[in-house]
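Q: Sequence and predicted structure, then a few things I'm wondering about:
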Amino acid sequence: MPKRAHYLIVDGHSVIFAWTELRKLHARRSSLAREALIKQLRDYQDWTGVHIVVVFDGKGKKVEATSDPADVQIFYSRSGQSADSIIERLASKYAKRYELMVATSDSMEAETVHACGAESISPDGLRELLASARRA
């Protein structure tokens, strides 16, 4: 049986507000914190081959997605929709097909993705995952 692809879905703002250095960048300019997080996740994807999807709460009228096929996929939720709802929808749709892990500090979101068949990891666990990949 072929090995299933691995995906890591990251609740972007959940991680930004959990990591002190990113929270400080966010206080200066939110785009700086997003860029710093995405850079670390891109490095992890390059080192491990795990596909990365980052979801941020947005303010627009529609869900926006930006990506290059080999790059980190980035989604911004539309106005009135939370990043959590996008993450939960992705988990319910893809957890049976792929090895899926969701990084979030939201315990309700973690319970929902577990019910879908995905794993969850805390922002601190994500930090350690990234650090261990850097050391390897």
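A: Perfect, thanks for sending it. Numbers count the residues shown, from 1 in each chain.
Q: can you point me to the longest strand in this structure?
A: strand 51-60 (DSSP state E).
Q: how about that one: buried residues?
A: Residues of strand 51-60 classed as buried: H51, I52, V53, V54, V55, F56, D57, G58 (neighbour count, 16 or more other CB atoms under 10 Å). Backbone N, C-alpha and C define where each C-beta goes, glycine included.
Q: where do the strands sit along this structure?
A: All strands of the chain, identified by DSSP E, fall at 6-11, 51-60, 64-66, 73-78, 99-103, 119-121.
Q: Sheet-wise, list the partners of the second one with their directions.
A: Pointing back at strand 51-60 there. Within its sheet, strand 51-60 is paired with strand 6-11 (parallel), strand 73-78 (parallel), according to DSSP bridges.
Q: can you tell me the average pLDDT over the last one?
A: Taken as a whole, strand 73-78 has a mean pLDDT of 89.
Q: How far does it sit from its chain's centre?
A: Chain-centre distance of strand 73-78: 10 Å, with CA atoms, centre = their mean, to the nearest Å.
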